[in-house]
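Novice: Okay, predicted coordinates and the sequence, questions at the end:
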Amino acid sequence: MRLGKATVFGLVVGAMTVGLAAPAMADPGDVVVQPKQARPGDQITVVGKKCTTDGTAGSLAFVGGAVVLNGAEEVDGRAGLASIKNDTFPGTYTILVRCGGHKSVGEIVVVDGKARPKSTPTPAGGAGTGIGGGAGGADTALLAGGGVLLLGGIGIGAMAVRRRGDLAA
């Protein structure tokens, strides 16, 4: 009877752990900004990848504060062009995308008008280190299953240790 209770407890705690960790495992690519770094006066493209209806993208760095995002054939989601204000100080600025009931957040890095933005090459494929499929990212279902099994094992182990203490007395 105790083994069943420990198993159920482990499954419940594992499910709660996965539920609480779900926001952290969300796709970070909801908002795409190209280029990621810009100078004051530059124009950037903002894409809300999860937007299914037209919306807006707003930031303190944008001329007018917000730009309209609408459908474009070249992108998944909705896209719009924004201009960086000429008097924007260098730093990282938050971009809030709203479309329908969906909200997501991205960032734009504004660099000094005299500085050249850093270009970061986009990696292609996994690293050639021989780790096989490990470079592909986290498999959420596999992580959830492993967490449930791990917590169930801890619960069973705790019950077994407790049972040994009861038998010795």
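Specialist: Received it, and whenever you're ready, just let me know what you need. Numbers count the residues shown, from 1 in each chain.

Novice: Mind checking what helix or strand follows the helix or strand of the chain with the lowest mean pLDDT in sequence?
Specialist: Using mean pLDDT, DSSP states H and E, helix 2-21 stands out as the lowest-scoring helix or strand of the chain, at a mean of 61. Once the chain leaves helix 2-21, the next helix or strand it forms, by DSSP states H and E, is strand 31-34.

Novice: Show me which positions of that following strand end up buried.
Specialist: By 16 or more other Cβ atoms under 10 Å, the buried positions in strand 31-34 come out as 31, 32, 33. Every C-beta, even on glycine, is put in place using the N, C-alpha and C of the backbone.

Novice: Sheet-wise, list the partners of it with their directions.
Specialist: Each strand that pairs with strand 31-34, with its direction, by DSSP bridges: strand 43-48 (antiparallel).

Novice: how much does the helix or strand harbouring residue 103 deviate in direction from strand 43-48?
Specialist: Residue 103 belongs to strand 102-110 when assigned by DSSP H and E. Angle of strand 102-110 versus strand 43-48, following axes from the mean of the first three to the mean of the last three Cα atoms, to 10 degrees, is 160 degrees.

Novice: and strand 102-110, what does it pack onto?
Specialist: With contacts taken as 3 or more Cβ pairs under 8 Å, 6 or more residues apart in numbering; DSSP states H and E, strand 102-110 sits against strand 31-34, strand 37-38, strand 43-48, strand 91-99.

Novice: Show me the one of those that comes nearest residue 152.
Specialist: strand 31-34 (37.6 Å; Cβ to Cβ).

Novice: Could you tell me the average pLDDT over the closest one, please?
Specialist: Average pLDDT, strand 31-34: 88.

Novice: same check, this time on stretch 140-150
Specialist: For stretch 140-150, the mean per-residue pLDDT is 85.

Novice: Only the buried residues of it, if you could.
Specialist: Per 16+ other Cβ under 10 Å, stretch 140-150 contains these buried residues: 144, 147, 148.

Novice: Need the three-state assignment for the first one.
Specialist: Spelled out, that is residue 144. helix (DSSP: H, G, I helix; E, B strand; the rest coil).
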